[in-house]
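Chemist: From the sequence below, what's the structure:
(one chain, ligands or ions: 2)
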Amino acid sequence: MYPRIAGSAVLRQLRPRLLPTSKAAVVNVRWGSAEPLREGEEEGKMNKEEISEKKEVVSSYWGIPPSRLAKDDGSGWRWNCFRPWETYKSDITIDVNKHHVPKNFLDKFAYYTVKTLRVPTDIFFQRRYGCRAMMLETVAAVPGMVGGLLLHCKSLRRFEHSGGWIKALLEEAENERMHLMTFMEVAKPKWYERALVFIVQGIFFNAYFLAYVVSPKLAHRITGYLEEEAIHSYTEFLKDLDEGKIENGPAPAIAIDYWRLPPDATLRDVVVVVRADEAHHRDVNHFASDIHQQGHELKEHPAPIGYH
Ligand SMILES: [Fe+2]
Ligand SMILES: [Fe+2]
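Modeler: Ligands and ions are numbered 1, 2, ... in the order given. Presented below is the predicted three-dimensional model:
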C-alpha cells in the first residue's frame, strides 16, 4: 500500500512539469490562433463556417490591404519596392580616392582583368555618363547576389553561421539595384541596350559564379576593383555636371526617398551619394578578399552590416 500512495504523490508533483499544460491554463485563447475568444464564446463552440473562414484569412494575403506607411513629414509612403526603414543617409565623408595597390599575382590578375573590361566600356559609352551608369549598375548588382547565394548555400551545407556576410552581400546587391532603379529614371534604355544587358548578364553571372566557387578571394578582389572603376565613372559624371556638359536636373523622386535627400535635391546630389555607396562596396569587397588572403574564413570576421 505504501509504495502506491508514495507513487501517486510523486506523480501529482511531476505531472505539471512532464505533461502539457491543461486547457484551463490557456483560457480565452483560440487553439491555433493568437486572437482571443469573443465575449460569451467558448472554446470548441465555433461552427464549421467560422473555422473555414478563419483558415482562409490566415492562409492568404488576398484581399488584405497593405499596412499604411508614412514619411517623416506625415505624407503617405508611395513605394512598394522599398520601405521607410530601408532608407538611409549616405556617408559622403568616405574616402573616394582610396586604392588597393595590387600586391601579388592574384591581385594583379584581378586588377588587369577589370582594366581590360573597361576598354570596351569606354569605347561604347564614351562620356555618356547617365547611360553608362545605368548600364554598369545592371552588372554591379550581380556579385553581391552571387556571393550571398553561395555563402547561403554553404551555411546550409555546413550547419554554420556566416558571420553576417550573407546579409552584407545581399544588402550590397539590393543597394546596387536601387542605383539602377534611380538611373533608369534619368536615362531610358534603348532596345539594343536592353539586348546588350541580356547578353552581358548571361556571361557575367556565370563567369562570376565560377570565379567565386573556385576562389572567393579573387572574386571579391575583382569586385573591389570594379567598385574603384565605378567611383572613377561617377567622379567623371560629377565633372561633366559641374562643367554644364550634362544638365543638373531635379533628382528622381525614388532617389529623394531612398537616400533621404531634401525635396529640392538635384542629379548632382544623387551622384554624390551613389559614389559614396560605391566606395563602401569597394571597402567591403577588398576587406573580404583580405580575410581570405590571410587564410581565414569570412565568418571569423564580423561583416560590416547596417551601412545601408
Ligand atoms: Fe552602383
Ligand atoms: Fe557598387
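
Chemist: State the mean pLDDT of stretch 105-125.
Modeler: Stretch 105-125 carries an average pLDDT of 93.

Chemist: which residues are in contact with that stretch?
Modeler: 100, 102, 131-132, 135-136, 215, 217-218, 221-222, 224-226, 228-229, 293 (C-beta atoms under 8 Å, 6 or more residues apart in numbering). In short, each C-beta sits where N, CA and C put it, glycine included.

Chemist: And it, what's buried?
Modeler: 106-107, 110-111, 113-114, 125 (16 or more other C-beta atoms under 10 Å).

Chemist: Farthest-apart pair in those residues, please.
Modeler: Farthest-apart pair in those is 106 and 125; separation 28.8 Å (C-beta to C-beta).

Chemist: returning to what we had before: run through the contacts of stretch 105-125 and flag the ones next to ligand 2.
Modeler: By C-beta under 5 Å from the ion, no member of those lies near ligand 2.

Chemist: Among those residues, name the buried ones.
Modeler: By 16+ other C-beta under 10 Å, the contacts of stretch 105-125 give 100, 131-132, 135-136, 215, 217-218, 221-222, 224-226, 228-229, 293 as buried.

Chemist: which of the residues you listed lies closest to residue 259?
Modeler: Nearest to residue 259 among the buried ones among the contacts of stretch 105-125, with distances taken as C-beta to C-beta, is residue 136, at 18.8 Å.

Chemist: where does the closest one land in three-state SS?
Modeler: Secondary structure for residue 136, judged by DSSP: H, G, I helix; E, B strand; the rest coil, is helix.

Chemist: check contacts around it.
Modeler: Residue 136 neighbours (C-beta under 8 Å, 6+ apart): 121, 230, 233.

Chemist: what's the closest of these to ligand 1?
Modeler: Ligand 1 has its nearest neighbour among the contacts of residue 136 in residue 230, at 5.7 Å by C-beta to the ion.

Chemist: does the closest one sit in a helix, a strand or a coil?
Modeler: Quick answer, by three-state DSSP: residue 230 is helix.

Chemist: Isn't it up against residue 140?
Modeler: Yes. Taking C-beta atoms under 8 Å as the definition, residue 230 is a contact partner of residue 140 at 6.3 Å.

Chemist: How much space separates the closest residue in space to residue 71 that isn't next to it in sequence from residue 258?
Modeler: Nearest-residue entry for residue 71: residue 77, 6.1 Å, with adjacent residues in sequence omitted and distances by C-beta to C-beta, 6 or more residues apart in numbering. To residue 258, residue 77 is 12 Å away according to C-beta to C-beta, to the nearest Å.

Chemist: Who has more neighbours out of the two?
Modeler: Ranked by neighbour count (other C-beta atoms under 10 Å), residue 77 and residue 258 place residue 258 first, with 24 against 16.

Chemist: Let me see the contact set for the more buried one.
Modeler: Contacts of residue 258 (C-beta under 8 Å, 6+ apart): 82, 86-87, 178, 182.

Chemist: Apply 6 Å and report the result again.
Modeler: 87, 178 (C-beta atoms under 6 Å, 6 or more residues apart in numbering).

Chemist: distance of it from residue 152?
Modeler: 25 Å.

Chemist: got any ranges where this structure has weak pLDDT?
Modeler: Low-confidence segments of the chain (pLDDT under 70): 1-59, 307-308.

Chemist: 50 - rerun?
Modeler: Applying pLDDT under 50 to the chain flags residues 1, 16-44.

Chemist: shouldn't residue 249 be in contact with residue 265?
Modeler: No. Applying C-beta atoms under 6 Å as the test, residue 249 and residue 265 come out as separate, 10.7 Å apart.

Chemist: More neighbours: those two, which one.
Modeler: residue 265 (18 against 11).

Chemist: for that one, what are its contacts?
Modeler: 251, 256.

Chemist: so how far is residue 256 from it?
Modeler: In terms of C-beta to C-beta, residue 265 sits 6 Å off from residue 256.
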